[in-house]
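Asker: Okay, structure incoming, though there's no sequence with it:
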């Protein structure tokens, strides 16, 4: 079992406010003897973060998004970790990426990863606001990353990308294109009683 990132606090005395720390180390739990071990890694090591998503696809671990309050930064980046080589690699998948966010869910189904929800700062938030957690908006959108897109999927993307005439397509393809590109937001309201 691998563990990446998270938030902690640096030791402090009782009269000093603890300082947050964001870890960018990778650890694994050896399930044979239940001992935690730090993994020596190389490559494009992700910045420390919390509230990111992690998933596994074809024996590699991926992380997406997250937040670092020391840097006051939300992330929308994606990294791949190969446990065979202990190398991190920053990825830049094609297509429209999700906005910077934390607390989203990711799940793999076959060759696809479904990313849903999360929270981000409200666009109107000033950098002088006292607490970013008080000015978050919830996302109810969903993104799909297809690691093995079919020829049909690639063609539908090309139809939109190059603004080709959709009127000549069969009805079923028009419906598929509409389903692929129509935003699927459910709600944008957030109660003022949750943070963290």
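Answerer: Everything's here; your move. Predicted model, so just to flag it, every value in this text is computed and none were measured.
Asker: what about stretch 146-154, start to end distance?
Answerer: End-to-end distance of stretch 146-154: 10 Å, with Cα to Cα, to the nearest Å as the criterion.
Asker: for stretch 48-68, same thing?
Answerer: Termini of stretch 48-68 sit 7 Å apart (Cα to Cα).
Asker: Could you list the buried residues of it?
Answerer: Residues of stretch 48-68 classed as buried: 48-55, 61-68 (neighbour count, 16 or more other Cβ atoms under 10 Å). In this view, the C-beta of every residue, glycine as well, is placed from N, C-alpha and C.
Asker: Quick check: mean pLDDT of that stretch?
Answerer: For stretch 48-68, the mean pLDDT works out to 98.
Asker: Any regions of this structure where pLDDT drops low?
Answerer: Applying pLDDT under 70 to the chain picks out residues 12-15, 125-134, 184-196.
Asker: so how far is residue 107 from the residue of it most remote from its centre?
Answerer: For the chain, the residue at maximal distance from the C-alpha centroid (Cα atoms, centre = their mean) is residue 168, at 37.1 Å. Note on residue 168: its distance to residue 107, by Cβ to Cβ, to the nearest Å, is 36 Å.
Asker: give me the beta-bridge partners of the most centrally placed residue in the chain?
Answerer: The centroid of the chain falls nearest to residue 64 when counting by Cα atoms, centre = their mean (2.7 Å). On the basis of DSSP bridges, residue 64 is bridged to residue 53, residue 78.
Asker: Quick check, it in contact with residue 107.
Answerer: No: applying Cβ atoms under 8 Å, one finds residue 64 not in contact with residue 107, separated by 11.8 Å.
Asker: any idea whether residue 28 is helix, strand or coil?
Answerer: strand (DSSP: H, G, I helix; E, B strand; the rest coil).
Asker: Give me the neighbour count for the residue nearest to it when sequence neighbours are not counted.
Answerer: Distances taken as Cβ to Cβ, 6 or more residues apart in numbering place residue 2 nearest to residue 28, at 4.9 Å, with adjacent residues excluded. Per other Cβ atoms under 10 Å, the neighbour tally for residue 2 reads 13.
Asker: if I look at residue 2, how far off is residue 175?
Answerer: Residue 2 is 41 Å from residue 175, where distance means Cβ to Cβ.
Asker: can you check residue 95 too?
Answerer: Counting by Cβ to Cβ, the gap from residue 95 to residue 175 is 20 Å.
Asker: ok, now residue 139?
Answerer: Using Cβ to Cβ, residue 139 is found at 25 Å from residue 175.
Asker: more crowded one of the two?
Answerer: Neighbours per residue, other Cβ under 10 Å: of residue 139 and residue 175, the larger number sits with residue 139, 23 against 11.
Asker: how near is that one to residue 183?
Answerer: Taking Cβ to Cβ, one finds residue 139 at 11 Å from residue 183.
Asker: do the same with residue 32
Answerer: Separation of residue 32 from residue 183 (Cβ to Cβ): 47 Å.
Asker: Cheers, nothing more for now.
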